[in-house]
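what follows is a predicted structure for the sequence shown.
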Amino acid sequence: MKNNYIVKVLLYVLLTLSGLIACTGDKTQKSQHEHLKGQQYTCPMHPQIIKDEPGKCPICGMDLVLKKSNNELVPDSGIANMTKPVNSHVIASIPTIKAETGVKIYTSEINGVIAYDSRNRNGIASRVGGRIERLLIKYNYQPVRKGQLLMEVYSPELAAAQQELLYISKQQPALLESARQRLLLLGMLQAQISQVLHSGKINYRIPVYSPIDGYILESTATGSKQAAVMPAAVPAAVPAAAGMDMAGDNATPPPSIPVSSSITPVLLREGQYVNAAQMLFTIYKADALVAEFAFPPALAANIKLGQKILFYPVNADSAMRTAHISLIEPVFRNGLNFTIARVYLSATDYRPGQLVHASMPVVYTKGWWLPKKAVWKMGTKSVVFKKQLGVYKPIPIQTGVEAGELIQVLDDIGNWDVAANAAFLVDSESFIKTENTIQQ
């Protein structure tokens, strides 16, 4: 009987404990149900998946987690940044740097070329229509001297004017001066007119002479004048003689110049007809050259007229010389926008087409400066990685010139913490996604 009493007591205790556990479980489930009411669940890897009850992601199979109203995940706020796309949000331990400012002086290296001075050139045009009877110019950039015979032209108009001169000189001497003036306007020289009056014979071949020393170029030539090879010296000028023999065949011929691919034969031929006012040749003075240097737009804003520049031929840095910038000309050529700075040279041993190298100190007083490796180039855009709340965000910036190992930044980034090496933060499998505006 004692054993039956013990069994009954144990059964009573077990039933009491079961009731208490059941009540506690109901209260816990009820509390959890009230806590999760109105909550949403999302996938940590696919935020676009949103559901009203727990479950698994239909894409990757991960368990769904609670989602806050500000789109942040509940389980662990420390990994929230790691779940964002790497092309707009990067976590790394790369050290940061700050931009420098202040006045900086850098020496800029510029390339240039020696060219003819377009201010000192003379054009030779035909004043009358006629036929070329004799042509002494055989190739472009042929050296000529002042007074040298270039060609002889037959013109019916000039022949008629000379016949009129001879008639007036015998029949109406009072009109002789007017007849002389007409021949002068048609291109004949005073000595040639006097020779016609003295001999009483018409000159059917009118010679054309060079007005200056230099190198002659046919007006229809397609080659660039900068590519020409010019000899080191130009023959001395020969005084003009009177009449038909002025600096003609009796003159000492000019020295020949070395054959070059830039020297091409002229297109004019003997027997060819030319029209009145037709430009035939251009003569560039041998002692008038210029050095033209091309500046990129970012550097061109810092140069000015009269600024000193040091230049020397390529591969001959010992032959340095100084000059001052005399002309600044904006140029748009072959789809490129740049600025040409021109330096006028005189009494120089440079040759057209010769490449030169220049060094010019430039003072910069504006902007901020970063190492080049801290700026990532994206075509026409430049990007830096700014550190915010423990992560790096790519932000576009406006850059200026590059001087040595530094690059100028035109935006105000003085209080930014920037990644020291932007290349380490670039994802090779995706493009960098930047914000539209600069964040301060």
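Yes, it's here.

just the strands in the stretch 51-200 of the chain please.
Applying DSSP state E, counting those that start in this stretch to the stretch 51-200 of the chain gives strands spanning 65-67, 96-97, 104-116, 121-126, 130-135, 142-144, 149-154.

and these as TSV, adding mean pLDDT and mean neighbour count?
(Glycine included, C-beta is placed from N, CA and C.) What follows is the strands of the stretch 51-200 of the chain, written out as TSV (pLDDT from 0 to 100; neighbours: other CB atoms under 10 Å):
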stretch	mean pLDDT	mean neighbour count
strand 65-67	81	16
strand 96-97	86	14
strand 104-116	83	17
strand 121-126	84	16
strand 130-135	92	17
strand 142-144	89	22
strand 149-154	91	21
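
and these: which comes nearest residue 350?
Closest to residue 350 of the strands of the stretch 51-200 of the chain, according to CB to CB: strand 104-116, at 4.6 Å.

partner strands of the closest one, parallel or antiparallel?
Next to strand 104-116 in the sheet, as set by DSSP bridges, lie strand 288-295 (antiparallel), strand 355-364 (antiparallel).

residue 179: which of those is closest?
Closest among the strands paired with strand 104-116, using CB to CB: strand 288-295, at 38.5 Å.

now do that closest one against strand 121-126, angle only.
Computed with axes from the mean of the first three to the mean of the last three CA atoms, to 10 degrees, the direction of strand 288-295 lies at 120 degrees from that of strand 121-126.

quick one: mean pLDDT for strand 288-295?
Average pLDDT, strand 288-295: 87.

now stretch 349-362
Mean pLDDT, stretch 349-362: 82.

quick one: distance of it to the chain centre.
In terms of CA atoms, centre = their mean, to the nearest Å, the centre of stretch 349-362 is found 18 Å from the chain centre.

for it, output the C-alpha coordinates as CSV.
Below are the C-alpha coordinates for stretch 349-362, written out as CSV (Å, rounded to 0.1, in the frame of the first residue of the first chain):
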residue,chain,number,x,y,z
ASP,A,349,71.9,77.6,-86.9
TYR,A,350,68.6,75.8,-86.5
ARG,A,351,66.9,74.2,-89.5
PRO,A,352,63.2,74.0,-90.4
GLY,A,353,61.7,70.7,-89.3
GLN,A,354,64.2,70.3,-86.5
LEU,A,355,62.7,69.0,-83.2
VAL,A,356,63.4,71.0,-80.0
HIS,A,357,62.7,70.4,-76.3
ALA,A,358,61.9,73.2,-73.9
SER,A,359,61.7,73.6,-70.1
MET,A,360,59.7,76.3,-68.5
PRO,A,361,59.0,77.0,-64.8
VAL,A,362,55.4,77.5,-64.0
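
dump the residue contacts of residue 296.
The contact partners of residue 296, taken as CB atoms under 8 Å, 6 or more residues apart in numbering, are 338-339, 401.

how much space separates it from residue 422?
Using CB to CB, to the nearest Å, residue 296 is found at 22 Å from residue 422.

over to residue 285?
Separation of residue 285 from residue 422 (CB to CB): 53 Å.

cool, and residue 217?
Using CB to CB, residue 217 is found at 51 Å from residue 422.

alright, that wraps it up for me.
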